[in-house]
Each structure stands twice: as C-alpha cells, then as structure tokens.
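S.K.: Here is my input; please provide its structure:
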Amino acid sequence: MRKIETLTTIELSAWIQQAKLQAYQGQVTERIPQLAVANSDWFAVSICSASGEDFSAGDTACLFPLMSAIKPFSLLYLLEHLGAKTVFEWVGVEPSLLRFNSLEQLLADDRRPRNPMINSGAITLADKLPGDNACDRTQRLCDWLNQLAGCQFKLDEVMLASVRSAPSQINQAITENLAQAGYVKNPEIALDTYEQICCLSGNVADLALLGKLLACESKLIAPQHRRIVNALMFTCGMYEASFQYALEIGLPMKSGISGTLLAIVPHQGGVACYSPPLDNAGNSPGAIAFVKALSSGLGLSIFGG
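M.R.: Numbers count the residues shown, from 1 in each chain. This is a model prediction of the structure:
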C-alpha cells in the first residue's frame, strides 16, 4: 500500500482521463430538472489527506448538491448527539437488495428501514434531527459539518425549488408507510428535511474535507461512530451494487444522484469525485472508474494491496 500523498500528477492525470471515458456509459439524471442541466463532460476530483498534502484536478469550481452523499453525515450527526443504541432503534444495518428508493424493500421488511444509506432510512433519520422545523434542522446540520470539517456547504435554494417542483411519489409513499409503522412522527417535516439536506451544496474540495473527517482520528468525532459510518458506507453506500464495489475497490464509499462520489481511505484521507452521468443503479461510472484506478494503483483496499 502506498500513501495517497505519494500520488503523482502524472498518475492523477492518467486516471482521470481513463475515468472520463467510462463516464460516457452513464446518463445525467432527468428526474430533477435542475440536475438535468448538468454538463455530462464535467469531471472533478479532490483528495484531502491526513498529512495535509491535497490534490485536485478538473472542474473543481463546479458546485453540486450532495443528494444522497449527505446520508453518512446525518447518521454521524445523530450518532454523536444521541448515541448508537438510540439510532439503531429506528434503522437497521442490513444491505438492501433493491434500489435506493424501493418501497417494495420497505414493505418486505415490515416497514422497518433496512439501513441509513437508502431513502427509507435517511427519511427516518431526517425525522429525528434536532430542530423546530425542516429549515432549522438543515441549518443545524450544515453548521455542524462546516465547523467540524472546515468546509463551506450551504443550502442551494434553486436546487431545492427544483426538487419540490418534481415531487417524488415514491418518497412520499415511503414516508407515509414509515409514519404508519411508527418510525416517523411528523411525515411532512421529515420529508421536507430530507429534501433540504440533500440540497446542501459545495464543491469537490468541500466533500473531500468531509471524507477526511471520517477517515482520520480526531478529538472531534468518537472513534466508534466513525467506524459505524464507514462500515455502513462499505456495505450499503452504493446501494445494490455495494457488494460489487466492496470486491473491486475495497473502500467505504457513498454516491449521490448529482454525480457525487465520496470514498474513504481509512487513516489516510477522503477522495471526492464529481461526474454527473449515472448508471442504472444511480451511481456515477466515471467517478467509480477513477476511485477504482486510484485504489488499484496505490493499493488502497482495506484488505491490502
């Protein structure tokens, strides 16, 4: 295994070029109008290492909403504030066999959310975030992350308006079922909070800083909570494709439908990618290709190089 700070600019450039070719296998999502206008050629990478040696390349000025990449951090926030025992009374830890927004999966599980990385689990946890309303909850989470990681996320109001203009009937049905089963107390606030935290936006450098928070020991986050989040990212973060990438890449990862991908290199740092085209599972093939090349080239898999 090589340290990520030994990465050379030649390697970085070569792996990005390879990854860009893979990006064309995907398509930019059309479900949310504001996401649909993203340029399929955009590609950005940022690596934030424990040593302070950072790397970035590509369209690094691009701002994007975290979408589902926020899920590990709403989980972390609640673990820190309420503890694991309480949090896992509301959600499970089992990988999902179906899509990230599968109502069928929820119903098959007697309406108990299978894990925090799919929509049912994330909506449930959004219901538990501290705050009087959705705006208050979102701002508290955003402020907490920015303070801890040194990033500069903020709510993208235009993106949020776009999300609200094309409401997800599946998410509404999931929320209603969660409320009926008693996992969600206030369905309207829960869904509104979930949509808002998904619209927290920044660039790849901001996302890499969040990754460093999960990768490296610090006095700011309890070690057991970092381990829990990393473990669930590893087994559940790429939805039904999580098993495949556990084998191929061997790193905890979390994707979002804006084209985001965050990979954690334990004890070394965070790797953030942005490439808008998505595959059928809702993951970015370009971003995955880059992290796969990086992991293989430097021997970063948690199972050894």
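S.K.: Now do the contacts for the spatially closest residue to Arg226 that is not a sequence neighbour.
M.R.: Nearest non-adjacent residue to Arg226, counting by C-beta to C-beta, 6 or more residues apart in numbering: Leu214, 5.6 Å away. Where C-beta positions appear, they are placed from N, C-alpha and C, glycine not excepted. For Leu214, the contact set (C-beta atoms under 8 Å, 6 or more residues apart in numbering) comprises Pro72, Leu76, Ile221, Arg226, Val229, Asn230, Met233, Pro252, Ile264, Gly270.
S.K.: now the fourth one, what's its secondary structure?
M.R.: Taking DSSP: H, G, I helix; E, B strand; the rest coil as the rule, one finds Arg226 in the helix state.
S.K.: So what's the residue count around it?
M.R.: Neighbour count of Arg226, defined by other C-beta atoms under 10 Å: 21.
S.K.: tell me the contacts of it?
M.R.: Residues near Arg226 by C-beta under 8 Å, 6+ apart: Leu76, Leu214, Glu217.
S.K.: again, but for the fifth one
M.R.: The neighbours of Val229, taking C-beta under 8 Å, 6+ apart as the test, are Pro72, Leu75, Leu76, Leu79, Leu214, Pro252.
S.K.: Please repeat the previous calculation with a cut-off of 7 Å.
M.R.: Val229 is in contact with Pro72, Leu75, Leu76, Leu214, counting by C-beta atoms under 7 Å, 6 or more residues apart in numbering.
S.K.: Give me the subset of those lying in helices.
M.R.: Pro72, Leu75, Leu76, Leu214 (DSSP state H).
S.K.: Ala122 against Phe73, yeah?
M.R.: No: with contact defined as C-beta atoms under 7 Å, Ala122 does not reach Phe73; the gap is 10.6 Å.
S.K.: Who has more neighbours out of the two?
M.R.: Shown here are Ala122 and Phe73; by other C-beta under 10 Å, Ala122 has more neighbours (28 against 25).
S.K.: Next one: that one from Gln27, what distance?
M.R.: Using C-beta to C-beta, to the nearest Å, we find Ala122 at a distance of 24 Å from Gln27.
S.K.: Next: Ser56.
M.R.: With the distance defined as C-beta to C-beta, Ser56 ends up 26 Å from Gln27.
S.K.: What would stretch 5-18 look like as CSV? C-alpha coordinates only.
M.R.: Provided in CSV are the C-alpha atoms of stretch 5-18 (Å, rounded to 0.1, in the frame of the first residue of the first chain):
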residue,chain,number,x,y,z
GLU,A,5,0.2,11.7,-0.7
THR,A,6,2.7,9.8,-2.9
LEU,A,7,0.3,10.2,-5.8
THR,A,8,2.0,11.9,-8.8
THR,A,9,0.4,14.4,-11.1
ILE,A,10,1.1,12.0,-14.0
GLU,A,11,-0.9,9.2,-12.3
LEU,A,12,-3.7,11.6,-11.4
SER,A,13,-4.0,12.9,-14.9
ALA,A,14,-3.9,9.4,-16.5
TRP,A,15,-6.5,8.0,-14.1
ILE,A,16,-8.8,11.0,-14.7
GLN,A,17,-8.6,10.6,-18.5
GLN,A,18,-9.4,6.9,-18.2
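S.K.: what residues go with each domain of this protein?
M.R.: By the assignment in automatic domain parsing, the chain contains the domains 4-66+202-298, 68-200.
S.K.: and the residue nearest to Gly259 when sequence neighbours are not counted, what does it touch?
M.R.: Nearest residue to Gly259, sequence neighbours excluded (C-beta to C-beta, 6+ apart): Pro276, at 3.6 Å. With contact taken as C-beta under 7 Å, 6+ apart, Pro276 is in contact with Val28, Ala38, Ser40, Trp42, Ser258, Gly259.
S.K.: Could you do Cys273 as well?
M.R.: Shown in contact with Cys273 (C-beta under 7 Å, 6+ apart): Val45, Val204, Leu261, Ser284, Ala287, Phe290, Val291.
S.K.: Buried ones among the contacts of Pro276?
M.R.: Neighbour-count burial (16 or more other C-beta atoms under 10 Å) applied to these gives Val28, Ala38, Trp42, Ser258, Gly259.
S.K.: want to throw the residues you listed into a markdown table with secondary structure and distance to Val184?
M.R.: As requested, the buried ones among the contacts of Pro276 are exported to a markdown table (DSSP: H, G, I helix; E, B strand; the rest coil; distance: C-beta to C-beta, whole Å):
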| residue | secondary structure | distance to Val184 |
| --- | --- | --- |
| Val28 | coil | 31 |
| Ala38 | coil | 31 |
| Trp42 | coil | 35 |
| Ser258 | coil | 25 |
| Gly259 | coil | 29 |
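S.K.: Tell me the one of these nearest Arg137?
M.R.: Arg137 lies nearest to Ser258 out of these, by C-beta to C-beta, at 20.8 Å.
S.K.: Which pLDDT value does the model give the closest one?
M.R.: Note on Ser258: pLDDT of 98.
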